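K.L.:
Whatever this is, show me its structure:
(one chain, ligands or ions: 2)
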Amino acid sequence: MLVKCPRVKRIYLKVFTAVFIIAILILFLQHFNEKLPTKPVSKLARLYEKQIRDYERKIIPNLGHNGEAAFLEGQDAKEGEKALKKFALNTVLSDRMPLDRKLRDPRNPKCKTFTYNPKLKASVVVIFYNELLSVILRTVWSVILQTPKELLEEIILVDDASTEESLKGLLDYYIETRLSSTKLRLIHLKTRMGLIRARLQGARIATGDVLIFLDAHCEATTDWMEPLLSRIEQEPTAVLVPIIDVIEANTLAYSTNGDTSYQVGGFSWSGHFTWIDIQNEEDKHKLTPVKSPTMAGGLFAIDRKFFWEIGSYDEQMDGWGGENLEMSFRIWQCGGRLETVPCSRVGHIFRDFHPYSFPDNKDTHGINTARLAHVWMDDYKRFFFMYQPALENNPVVGDLTHRKQLRQKLRCKSFKWYLENVYPEKFIPDENVYAHGQVQNDYGMCLDDLQLGEDKIGPLGLYQCHPYLAMSQYFSLNFKGELRKENFCAETFGVREVQLTECHGHKREQFWMFYKNGTIYNPTSGKCLSSAGVENGKGVVVENCADSIFQKWSFTNVNRT
Ligand code: LR7
Ligand code: MN
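P.N.:
Ligands and ions are numbered 1, 2, ... in the order given. This is a model prediction of the structure:
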C-alpha cells in the first residue's frame, strides 16, 4: 500500500493536470471564439477614433467665430475653391471650423426683453443624404448648445441611405463616443426615400410634443426654440418658421439682412417658393409671429399631433420639392396657420446647386407640384400647367385619391379663399385685368419673356407666336395699367428700350394704356409700344406713336379697353 500510494497520487495528479489543461483550453477557446466577431469591430473603432482625432487636430480654433466669414490659406484655400465648385460648399473650410463655433446673437435686440416659459418639448428631426460630416455635426452641436435641456426631447437624425461611407460608421461612432449624453437617435434608411418620406420616418419615431424639422446644414442661434414652443403652446394649429438667415457656402459667414427686416414666403405660378415682402405696414415691425402665406419647407416647428391630424406629408411625393407649398396651402386651407417668428433665427447654408442627383434625373419637383396643384389649387392650377403642360394629364403624377379624400375629410377651404384671405397681394394673371393672354401684332409676332429666369431683369422680347398659349407669351394688362407677368412689369428704359423688371406699383415707366385701335401707350414717355425693326428674339421698343402695323397689338382675351 505504502508503495502504491505515490502511484495513485501520481495518476490523480496526471488526471487533474489534464483536466486543468483541458479546462484552460476550453476557456481559452471560448474566449477566443467570443472575441472572433468583435475583434474587427474594435479594430474599426480604433480606426474611427484615429480618424476623428486626426480631424479634430486639424480644426483651427476660433475660425468663423461669431459667424464671421472665414478664409483658408495656401493649398487649403485652393482645395476649398475646388470643393465649392464640386459640392456647392467649401467642405475644406467646414472641416477646419470648430463644430461648436459661437455665433453672435442675430436677433432684434428687443427680442431679449421677452420671456418665454414653454412647457412643451421638441423632437428635432434632421434628415440628410450625403451631407458633409462636419456640417451635419455642426447642425447637431448648435441644437444641443442653443437649446435648454428641458426643452429638448431628442434629436433624430435620418440618413436617407447615403452612399458616402463615412456617414455610416464614423457618424455612429462619433455619436456613441462624443454625444452619448444627448438623447440622439440616428436611423439609417435601407433605401433612399427622398426627403419627404425621410422626414416622415423621423416623425414616426419622434416622441416630443413638437416636431422641429431642420435641413442638415443649419445652425441655430440664441433662444431659437423658446418662441417657437411658446407660440405652439398658445396656438397648437400654428405652424412656425424661424427667420432663415444665410450661411454662405464659401466662407460659412452667418449673414443677416440686418436685425429688423425680413421676408415671408410666397410662391410663383410655376410652382416655386419665393420670398416676398411683408405687405402690412404694422406687421413689418412686429416681433411677434407674422402671417406667412407659404414656407420654404426645410425649417419649421409643428405640434406633433397636429402634424398627423392635418395630413403630415403626401407620401407619394418623391425626391425633392413641392412638399413645402403642399403643406403651406394645406395648413391654411384646412384650418391652421403659418407664421414667421421674428425672434427665432436659424442659419441655413444656401448652395448654388444640389450636390446630389436623383435616379433617372426625374423631375420630382415638377411631378410633386403637379400633385399638389391637382389636390389643392382648384381651377387656379391652370397657371401651373401652362408652365408644365406635359404634366397635366400624365400618369407619372400618380394616384391622388388619398390626398383628395384628406381634403374632403378635413373640410378644407378653396384655393380662392386662400388667395383672397391669406395672400391677397398675389397677382392672378386673369383677374382684375383689362386684357390677358398672348399679345400678338399684325404679322404673327408675340410679346415674349424670352425665357427670362424668375428673378432676372431683361428685355421685353418679341418672338414668333406659339400655336398654343405658353406661359412665356402670357401677359396681362391689369387695372393698375401694368403690362405684367407675375411679378415683372414692362418698363420703359432710356429713350427706346422696354424691360421686364420687378413691379413697383408706382405707375410712371410701368404704366400702359391699351386703346381700341390696338396701341399700347406709355403716358410718361408719351410713346407707344412698337416692334418696328425688331428681330425674332430681340427686345421690343417704344417709339413716337403712329398709325403703323408695328404698333398694333391684340390680346387673346379682352375684358375692357
Ligand atoms: O434625397 C434626398 N434625401 C434627403 O434626405 C435629398 C435631400 N435630402 C436632405 C438633404 O440632405 C437636406 O438635409 O433633405 C434636406 C433638404 O435638401 P436641400 O438642402 O438640398 O434642399 P434646399 O435647401 O435646396 O431646399 C428647400 O426646399 C426643399 C423642397 O423639397 C426642402 O423643403 C428643403 O428642406 C428646403 N430648404 C429650406 O427650406 C431651407 C431654406 C431655403 C430656402 C428658401
Ligand atoms: Mn437646404
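K.L.:
any idea which helix or strand comes after the helix or strand of the chain with the lowest mean pLDDT?
P.N.:
Of all regular secondary-structure elements in the chain, judged by mean pLDDT, DSSP states H and E, the least confident is helix 4-58 with a mean of 71. Scanning forward in sequence from helix 4-58 by DSSP states H and E, the next helix or strand is helix 74-87.
K.L.:
Give me the buried positions along that following helix.
P.N.:
Within helix 74-87, the residues that count as buried by 16 or more other CB atoms under 10 Å are 76, 80, 83-84, 87. Quick note: C-beta positions are derived from backbone N, CA and C, even for glycine.
K.L.:
I'd assumed Phe306 was in a helix, is it?
P.N.:
Yes. According to DSSP: H, G, I helix; E, B strand; the rest coil, Phe306 belongs to a helix.
K.L.:
Is it in contact with Leu211, as I believe?
P.N.:
No. In terms of CB atoms under 8 Å, Phe306 does not count as a neighbour of Leu211; the distance is 9.3 Å.
K.L.:
Contact distance from ligand 1 - what residues of the stretch 101-250 of the chain qualify?
P.N.:
For the stretch 101-250 of the chain, the residues in contact with ligand 1 (CB under 6 Å from any ligand atom) are 127-129, 131, 160, 192, 194-195, 198, 215-216, 244.
K.L.:
Farthest-apart pair in the residues you listed, please.
P.N.:
The largest separation in those, counting by CB to CB, is between Arg192 and Ile244 at 25.5 Å.
K.L.:
So between the two, which is more surrounded?
P.N.:
With other CB atoms under 10 Å as the criterion, Arg192 and Ile244 differ in neighbour count, and Ile244 comes out ahead with 23 against 20.
K.L.:
can you pull up the bridge partners for that one?
P.N.:
According to DSSP bridges, Val346 are recorded as the beta-bridge partners of Ile244.
K.L.:
Could you check how far it is from Glu326?
P.N.:
Taking CB to CB, to the nearest Å as the measure, Ile244 and Glu326 are separated by 19 Å.
K.L.:
Check which residues of the helix or strand containing Val241 are buried.
P.N.:
Val241 belongs to strand 238-248 when elements are defined using DSSP H and E. Neighbour-count burial for strand 238-248 flags 238-245, 247-248 (criterion: 16+ other CB under 10 Å).
K.L.:
Dump the C-alpha coordinates for that strand into PDB.
P.N.:
As requested, the backbone C-alpha atoms of strand 238-248 are provided in PDB (Å, rounded to 0.1, in the frame of the first residue of the first chain):
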ATOM      1  CA  ALA A 238     -49.900  77.400 -35.800                       C
ATOM      2  CA  VAL A 239     -47.000  76.100 -37.800                       C
ATOM      3  CA  LEU A 240     -43.900  78.200 -37.400                       C
ATOM      4  CA  VAL A 241     -40.900  79.200 -39.300                       C
ATOM      5  CA  PRO A 242     -37.900  80.900 -37.800                       C
ATOM      6  CA  ILE A 243     -36.200  83.700 -39.800                       C
ATOM      7  CA  ILE A 244     -33.900  81.800 -42.000                       C
ATOM      8  CA  ASP A 245     -30.500  83.500 -42.300                       C
ATOM      9  CA  VAL A 246     -27.900  82.800 -44.900                       C
ATOM     10  CA  ILE A 247     -24.800  80.900 -44.100                       C
ATOM     11  CA  GLU A 248     -22.600  81.500 -47.100                       C
END
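K.L.:
after it comes which helix or strand?
P.N.:
Taking DSSP H and E, what comes next after strand 238-248 is strand 254-255.
K.L.:
nearest to Lys409, of the buried residues of strand 238-248?
P.N.:
Out of the buried residues of strand 238-248, the one with the shortest distance to Lys409 is Val239. That distance is 19.0 Å, counting by CB to CB.
K.L.:
Contacts only, for that closest one.
P.N.:
Taking CB atoms under 8 Å, 6 or more residues apart in numbering, we find Val239 in contact with 295, 300-302, 306, 327, 331, 336-339.
K.L.:
do that again at 7 Å, thanks
P.N.:
300, 302, 331, 336, 338 (CB atoms under 7 Å, 6 or more residues apart in numbering).
K.L.:
give me the number of residues near the first one?
P.N.:
The reference is to Phe300. Neighbour count for Phe300, taken as other CB under 10 Å: 26.
K.L.:
Just give the nearest non-adjacent residue to it, would you?
P.N.:
Setting aside the residues directly before and after it, Phe300 is nearest to Val241 in space (CB to CB, 6 or more residues apart in numbering), at 5.0 Å.
K.L.:
does Leu229 really touch Lys119, like I thought?
P.N.:
No. With contact taken as CB atoms under 7 Å, Leu229 and Lys119 are classed as non-touching, separated by 8.2 Å.
K.L.:
quick one, which of these two is more surrounded?
P.N.:
A count of neighbours by other CB under 10 Å puts Leu229 above the other of Leu229 and Lys119, at 27 against 10.
K.L.:
Report the secondary structure element holding the more buried one.
P.N.:
helix 225-234.
K.L.:
Residues of this protein that sit close to ligand 1?
P.N.:
For the chain, the residues in contact with ligand 1 (CB under 6 Å from any ligand atom) are 127-129, 131, 160, 192, 194-195, 198, 215-216, 244, 273, 296-299, 319-321, 323-324, 348, 354, 356.
K.L.:
Quick one, which of those residues are buried?
P.N.:
Among the residues of the chain next to ligand 1, those scoring as buried are 127-129, 131, 160, 192, 194-195, 198, 215-216, 244, 273, 296-299, 319-321, 323-324, 348 (criterion: 16+ other CB under 10 Å).
K.L.:
Which residue ranges of the stretch 251-400 of the chain form helices?
P.N.:
In the stretch 251-400 of the chain, helices defined by DSSP state H, counting those that start in this stretch lie at 281-284, 304-309, 323-333, 364-376, 381-387, listed in chain order.
K.L.:
Contacts made by the fourth one with the rest, please.
P.N.:
Outside of helix 364-376, the residues within contact range by CB under 7 Å, 6+ apart are 194, 271, 314, 316-323, 325-326, 329-330, 333, 358, 381, 384-385, 388, 391, 396-398, 400, 403-404, 407, 415.
K.L.:
where in the stretch 251-400 of the chain is pLDDT low?
P.N.:
Flagging of the stretch 251-400 of the chain using pLDDT under 70 yields the residue ranges 259.
K.L.:
For Ile247, give its distance to Leu167.
P.N.:
Using CB to CB, which is the criterion applied here, Ile247 is 20 Å from Leu167.
K.L.:
give the contact list for His402.
P.N.:
His402 sits in contact with no residue, where contact means CB under 7 Å, 6+ apart.
K.L.:
what ranges do the strands span in the stretch 451-561 of the chain?
P.N.:
Per DSSP state E, counting those that start in this stretch, the stretch 451-561 of the chain carries strands over the ranges 458-459, 461-464, 475-478, 483-485, 488-493, 497-502, 513-514, 520-522, 527-530, 541-544, 553-558.
K.L.:
Using a markdown table, please lay out those together with mean pLDDT and mean neighbour count.
P.N.:
Output for the strands of the stretch 451-561 of the chain, formatted as a markdown table (pLDDT from 0 to 100; neighbours: other CB atoms under 10 Å):
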| stretch | mean pLDDT | mean neighbour count |
| --- | --- | --- |
| strand 458-459 | 92 | 18 |
| strand 461-464 | 96 | 19 |
| strand 475-478 | 97 | 24 |
| strand 483-485 | 95 | 25 |
| strand 488-493 | 96 | 24 |
| strand 497-502 | 95 | 19 |
| strand 513-514 | 96 | 18 |
| strand 520-522 | 97 | 23 |
| strand 527-530 | 97 | 24 |
| strand 541-544 | 97 | 20 |
| strand 553-558 | 95 | 18 |
